[in-house]
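Enquirer: sequence first, predicted coordinates after that:
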There are 2 protein chains.
Amino acid sequence: MTATMRIGMDIGGTKVEAIALDDDGNIAGHTRTVTVPGTDGILNTAEGIVAELARQTGRAPGDFASIGIGIPGQIDRAEGLVRHAYNIGIESLPLAQLLSERVGIPVTVDNDVTAAAIGAAHLMGLDGSVAYLNLGTGLAAGFVIDGHPLRGAQDVAGEIGHLAIDHLGRPCPCGQFGCLETVASGSALKRFWPGAGEHPGPSLLPAIAAGDAEAQAAFDNLVRGAANSVRLIVLTLDPTTIVIGGGLRQIGAPLFDAIARQLDEWSAQSPFLAPLGLSARVQYLDNDSPAAATGAALAAIR
Amino acid sequence: MTATMRIGMDIGGTKVEAIALDDDGNIAGHTRTVTVPGTDGILNTAEGIVAELARQTGRAPGDFASIGIGIPGQIDRAEGLVRHAYNIGIESLPLAQLLSERVGIPVTVDNDVTAAAIGAAHLMGLDGSVAYLNLGTGLAAGFVIDGHPLRGAQDVAGEIGHLAIDHLGRPCPCGQFGCLETVASGSALKRFWPGAGEHPGPSLLPAIAAGDAEAQAAFDNLVRGAANSVRLIVLTLDPTTIVIGGGLRQIGAPLFDAIARQLDEWSAQSPFLAPLGLSARVQYLDNDSPAAATGAALAAIR
């Protein structure tokens, strides 16, 4: 045990995923556990993960070089502070400082979607510029421009879910109307599809097959919002690749095909869009890819 | 005459503006002339400009280190090629090669809006990330991220004028409907405001003052599209500053105030937008600023 080993964690609303990354960028340890919300829950879980990854990689818990954490909410990277991460029970938490005091390892925190962008670019071996589009509970994007994460002046780069541009004009909790997140997200399905239940993603296709017209409308809105996001990302950052991840990607091929069809339809109508290869730029993250955890480990050193 | 001196040119639909930039980034020569469309017109004009700037800076025409050209159309930087620049009479022109052969100086070509972003950041002394929003004949943006121009995988970064997100859904020559350019551009005023005439920008306010309801509607659409562009740029790239330039900015304070009011109104309705300081990020390019020419000179060395 001489090589440097780094930890990356992705703390999400339902699960925490973590990896140990060796010097060569290979995953040397991997663990996953349910999220326990609140300050104590998060800190105890993170401490337990450090111990588990130490066991997997044959070292003492204090022998990791760094811990990078991807987490939702409003992130202050300089202060290592997480705010307004309501779905994990956090109003304000100096996560970097408190966890670092517990485990004796430097800790950095990062936006979870930016971390996923960094990790997806690394794990999928993508060159050039990469956008990661998260179709999860919310809708947001993360960007890596020629190897450098783009976070923005106030850490809101990629917050495209709150672009108020959808023609349905649905109210958004953010106070605007017609946000992309109100049509293309898990929360949109829960709010606006009566048949959604707790896990709307997996039940959408069966409901459509059973003739639920509102499920079909919800699916069509999801497709339009996702395709709109892709077009928007190309006409702003023009990345080489757009990787779509997030829980809703698990709907699978019917969703991917419908998004590609929508993009191709727009392109067929527009000589301006046609040469841009919108649908050809889209790739999907593997269902089990620990992209955000991997990116968080990498972000700790960038 | 020992210091390195570089030329930057901004070839637009009506005029060509050019500067000579010294080693310290100061403007040492400046000239402006009308655009003569077509291959010969462009090349002869450019050659004349080199001679004029040589005269102004006391050197031989061949003694400039480089020529950078900002130009509309589809740019192939690697090949120095300009395509589809219809408003200057160019279908396809190997501008870098042909001009370089004539004057014996290395020539690079760049997107004119990207050049303006580079030049505005330099001339206005802006740190961090800068977006330049061009409210001209068309609508487009250029980005400089921490000193580096963002051009994109297919040189369409910043082509936000063709985001089909405006609720009026007006047809755009690009084949889509509702493009931002169909409401917030000089071409939009010409197409959709019956009283526009050849130079709609300067006549808009007098027409409103005279009670022209269609002029008022055109102005309101312009304001909405411009404000939408600002919000969009903040929620994608989150730049420190957004500089608005282009011919329509010459409408002046009533336009600037209306854009700020729209942004402030959206922010007042949204706790998410409020802390982002949308209107406070906007600055306006001075009417006589040679930003695109200056940026083109700088782009030749980046």
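Expert: Structure's in. What do you need? Numbers count the residues shown, from 1 in each chain, chains lettered A, B, ... in the order given.
Enquirer: export stretch A:201-213 to PDB, keeping only CA atoms.
Expert: Extracted C-alpha coordinates of stretch A:201-213, given in PDB (Å, rounded to 0.1, in the frame of the first residue of the first chain):
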ATOM      1  CA  GLY A 201     -40.200   6.300 -14.000                       C
ATOM      2  CA  PRO A 202     -40.600   2.500 -14.000                       C
ATOM      3  CA  SER A 203     -44.400   2.700 -14.200                       C
ATOM      4  CA  LEU A 204     -44.700   5.000 -17.100                       C
ATOM      5  CA  LEU A 205     -44.300   2.500 -20.000                       C
ATOM      6  CA  PRO A 206     -46.600  -0.100 -18.500                       C
ATOM      7  CA  ALA A 207     -49.200   2.600 -17.900                       C
ATOM      8  CA  ILE A 208     -49.000   3.700 -21.500                       C
ATOM      9  CA  ALA A 209     -49.200   0.100 -22.700                       C
ATOM     10  CA  ALA A 210     -52.400  -0.200 -20.600                       C
ATOM     11  CA  GLY A 211     -53.900   2.700 -22.400                       C
ATOM     12  CA  ASP A 212     -53.400   5.500 -19.800                       C
ATOM     13  CA  ALA A 213     -53.700   8.600 -21.900                       C
END
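Enquirer: go ahead and measure how far it is from the middle of the chain.
Expert: Its chain's C-alpha centre and that of stretch A:201-213 lie 25 Å apart, by CA atoms, centre = their mean, to the nearest Å.
Enquirer: equivalent analysis for stretch A:216-225, please.
Expert: 20 Å.
Enquirer: what is the neighbour count of the closest residue to chain B within the stretch 51-200 of chain A?
Expert: The nearest approach of the stretch 51-200 of chain A to chain B comes at residue A:152, 2.4 Å away (CB to the nearest CB). In short, each C-beta sits where N, CA and C put it, glycine included. Using other CB atoms under 10 Å in any protein chain shown, residue A:152 has 24 neighbouring residues.
Enquirer: and if you look at residue A:174?
Expert: 19.
Enquirer: follow-up on the earlier one: look up phi and psi at the residue of the stretch 51-200 of chain A closest to chain B.
Expert: Dihedral pair for residue A:152: phi 90, psi 170, per degrees, to the nearest 10.
Enquirer: show me what contacts it?
Expert: Residue A:152 is in contact with A:158, B:129, B:237-239, counting by CB atoms under 8 Å, 6 or more residues apart in numbering or on different chains.
Enquirer: the residues you listed in strands, which ones?
Expert: Cross-referencing the contacts of residue A:152 against strands under DSSP state E gives no overlap.
Enquirer: what's the closest of these to residue B:275?
Expert: Taking CB to CB as the measure, residue B:275 sits nearest to residue B:238 out of those, at 12.3 Å.
Enquirer: I'd guessed residue A:143 sits against residue A:156; true?
Expert: No - taking contacts as CB atoms under 8 Å, residue A:143 lies outside contact range of residue A:156: 11.9 Å.
Enquirer: please say which of the two ends up with more neighbours.
Expert: Between residue A:143 and residue A:156, counting by other CB under 10 Å, residue A:143 is the more crowded of the two (29 against 22).
Enquirer: next up, phi/psi of the more buried one, please.
Expert: Backbone phi and psi, for residue A:143 under degrees, to the nearest 10, turn out to be phi -130, psi 140.
Enquirer: tell me the contacts of the closest residue in space to it that isn't next to it in sequence?
Expert: For residue A:143, ignoring the flanking residues on the chain, the nearest one in space by CB to CB, 6 or more residues apart in numbering or on different chains is residue A:150 at 4.1 Å. Contacts for residue A:150 (CB under 8 Å, 6+ apart) come out as A:114, A:143-144, A:157-158, A:237, B:145, B:237.
Enquirer: got CSV for the residues you listed, with pLDDT and distance to residue A:172 too?
Expert: Formatted as CSV, those follow (pLDDT from 0 to 100; distance: CB to CB, whole Å):
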residue, pLDDT, distance to residue A:172
A:114, 97, 22
A:143, 98, 22
A:144, 97, 27
A:157, 96, 19
A:158, 97, 17
A:237, 98, 23
B:145, 95, 28
B:237, 98, 21
